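Novice: Fold the following and give me the result.
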Amino acid sequence: MSETNELSPAETRIWRAFPRGESVDFRVENEDPAPGNPWGAERTIRASVLRTLLLKAPQEEGEIAALKITGARITGVLDLKYATIDAAVRLSHCQFDSVPDLYGAKLRQLNLRNSVLPGLNAATLKVEGVLRMTDCRIEGPVQLAGAQISGALFMERAEFTASEHSEAVLQLNQAAIGDDMWAPEMRTHGQVRLTGASIAGRINVQDAEFNKPDGTALDAQNLNVGGHVRARCLRTRGRVELRGSRISGRLDMLHAHLSHPGDTALRASSCVIGELWLRGGDRIEGALNLRRSQIEILTLEPEMLPEQVHLSNLRYTVLSPHEPAERRLPMLERDGGRYEPHSYEQLMAAYRHVGDDDAARLVQLAKQRRRRDTLAWYGRLWGYVQDATVGYGFRPLRAAIWLLSLMAIGSIAYGLHHPRPVKAGEAPDFNPVFYTLDLLLPIIDFGQQSAFAPQGWLQWLSYTLIITGWILATTIVAGVTRAVSRQ
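Specialist: Numbering: from 1, shown residues only. Got it, this is the predicted structure:
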């Protein structure tokens, strides 16, 4: 064939195997395709030959053409920009000298498994089937922005590294994946960008590592996921940005380690998430931001919460695991010291949802105490009075104790020292208990207070009981009204 006149023996093997879809394997046992390994001419393939082969696509009747190469060194730029390739392409365990250019190309399937590349330019790439980069090592930016992959994207154990000046090590922003994105144990050194991406199936980044300590390690704003996101044992150094994302299933971050000291470690604000699991991992190093998000089931372990937690306008139906209110309340006080009424209302609703009314009342009481700190001095003073007397209406037994204590003091004092009658011979028989109740209860009249006039220190005791009675009655009414309105 005239096309093979200038081909090397290795290239001739590939040219002859392509029409029948046969595999060509140049590997020797236990070798590593890392750069610098002495791969000679016997396994070196020019990228221009592969381009010509794919574009001319020689056929044999009754056979399905496919490019299947394993263990080759590919020199030059594999330029398939805007090309339409009907054959499946598998370049596994290969070593690329230059960055392949697949910008705008249309491929049936692309497999780069175990290959080593200096980068990949495949923005707006369209793949009818699967794109596989399992175990790849790529030491340069991977540009897949706007890519459309009808099948799944596989990046298990792949490692992506870029120079310090690179904008992002892996760009999948605005990409559309028709199935799963499978990337457990993936390692990235630089920013991963998933902004505006759409994954119809699941995302699996279990045991993965995202490293960009000085910035955003994972930028996934406005990400749309049709299934679950499995991020168990995820390790991040740098911000994880999920603002505005929609995850229909579960965002599973069990045993995750999130670290971005001095800044935000996880920002999942304005999100819509079916379930969020933050449990079993190390304490988050950096702020946690869940503002304005809607989460059906929020699994939040107190031990994982950092010093700074932003929860304003966060809405959730179920909060698990079920913890005493005393263990949940501190997280509401970590939002920059600001009073956020909605955060308390949401926590109350979660406790009521599971029927724990005692915990709900404790949260209500904590809310009133927190609100008290925002009032003027006279408002704070009145708040302390309500808290001490009836616990803002959530401690009704406290009012009974106050009444019984004051009634006992008055009854004993007036029982030992009877006040003189106002009109001798017309006063009823003196009763120290009902006389004390007449002083304490402003709306009840037993006829004792008007008939007797104490003198000296007993008169000051009477004034004290009258004032205390009015304060106690007012706080009871205010507290009961508040408690009833919350129901």
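
Novice: so where do the strands sit in the stretch 201-350 of the chain?
Specialist: Along the stretch 201-350 of the chain, counting by DSSP state E, counting those that start in this stretch, strands occupy 203-204, 209-219, 224-225, 229-230, 235-241, 246-252, 257-267, 272-278, 285-289, 294-300, 309-310, 315-320.

Novice: mind putting those in a markdown table, mean pLDDT and distance to residue 386 included?
Specialist: Heads up, the C-betas are built off the backbone N, CA and C, glycines and all. Shown next, in a markdown table, are the strands of the stretch 201-350 of the chain (pLDDT from 0 to 100; distance: least, C-beta to C-beta, whole Å):
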| stretch | mean pLDDT | distance to residue 386 |
| --- | --- | --- |
| strand 203-204 | 98 | 51 |
| strand 209-219 | 95 | 47 |
| strand 224-225 | 98 | 48 |
| strand 229-230 | 97 | 46 |
| strand 235-241 | 97 | 43 |
| strand 246-252 | 96 | 41 |
| strand 257-267 | 96 | 38 |
| strand 272-278 | 96 | 36 |
| strand 285-289 | 96 | 33 |
| strand 294-300 | 95 | 31 |
| strand 309-310 | 93 | 28 |
| strand 315-320 | 94 | 28 |
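
Novice: can I get these in TSV with distance to residue 457 and mean neighbour count?
Specialist: Converted to TSV, the strands of the stretch 201-350 of the chain look like this (distance: least, C-beta to C-beta, whole Å; neighbours: other C-beta atoms under 10 Å):
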stretch	distance to residue 457	mean neighbour count
strand 203-204	78	25
strand 209-219	72	20
strand 224-225	76	22
strand 229-230	73	24
strand 235-241	68	24
strand 246-252	69	19
strand 257-267	63	20
strand 272-278	62	20
strand 285-289	59	22
strand 294-300	57	19
strand 309-310	54	21
strand 315-320	55	17
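
Novice: Which residues are in contact with residue 206?
Specialist: Contacts for residue 206 (C-beta atoms under 8 Å, 6 or more residues apart in numbering) come out as 184, 185, 230, 231, 232, 233, 234.

Novice: Flag the shaky bits of the stretch 1-150 of the chain, pLDDT-wise.
Specialist: 1-5, 29-38 (pLDDT under 70).

Novice: Out of the contacts of residue 206, the closest to residue 72 would be?
Specialist: residue 185 (25.9 Å; C-beta to C-beta).

Novice: Could you pull out the helices in the stretch 351-487 of the chain for me?
Specialist: Under the criterion DSSP state H, counting those that start in this stretch, the stretch 351-487 of the chain contains helices at 357-372, 377-390, 396-416, 432-440, 457-486.

Novice: Columns mean pLDDT, distance to residue 269 and mean neighbour count on top of those, output as a markdown table?
Specialist: Shown next, in a markdown table, are the helices of the stretch 351-487 of the chain (pLDDT from 0 to 100; distance: least, C-beta to C-beta, whole Å; neighbours: other C-beta atoms under 10 Å):
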| stretch | mean pLDDT | distance to residue 269 | mean neighbour count |
| --- | --- | --- | --- |
| helix 357-372 | 85 | 22 | 19 |
| helix 377-390 | 74 | 32 | 15 |
| helix 396-416 | 77 | 39 | 15 |
| helix 432-440 | 79 | 52 | 22 |
| helix 457-486 | 70 | 28 | 16 |
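
Novice: Looking at those helices, spot the one closest to residue 333.
Specialist: Set against residue 333 and scored by C-beta to C-beta, these come closest in helix 357-372, at 7.3 Å.

Novice: Does anything pack onto the closest one? Which helices or strands?
Specialist: helix 325-332, helix 341-353, helix 377-390, helix 457-486 (3 or more C-beta pairs under 8 Å, 6 or more residues apart in numbering; DSSP states H and E).

Novice: quick one on the thing from earlier: what's the closest of the strands of the stretch 201-350 of the chain to residue 48?
Specialist: strand 209-219 (36.2 Å).

Novice: What residues does residue 335 make contact with?
Specialist: Per C-beta under 8 Å, 6+ apart, neighbours of residue 335: 308, 309, 310, 311, 312, 343.

Novice: Quick check: residue 201 touching residue 176?
Specialist: No - when contacts are counted by C-beta atoms under 8 Å, residue 201 is not listed as touching residue 176 (11.8 Å).

Novice: re earlier: and the contacts of residue 335, which is closest to residue 256?
Specialist: Nearest to residue 256 among the contacts of residue 335: residue 309, at 16.0 Å, using C-beta to C-beta.

Novice: beta partners of that closest one?
Specialist: Beta-bridge pairing of residue 309 under DSSP bridges involves residue 288.
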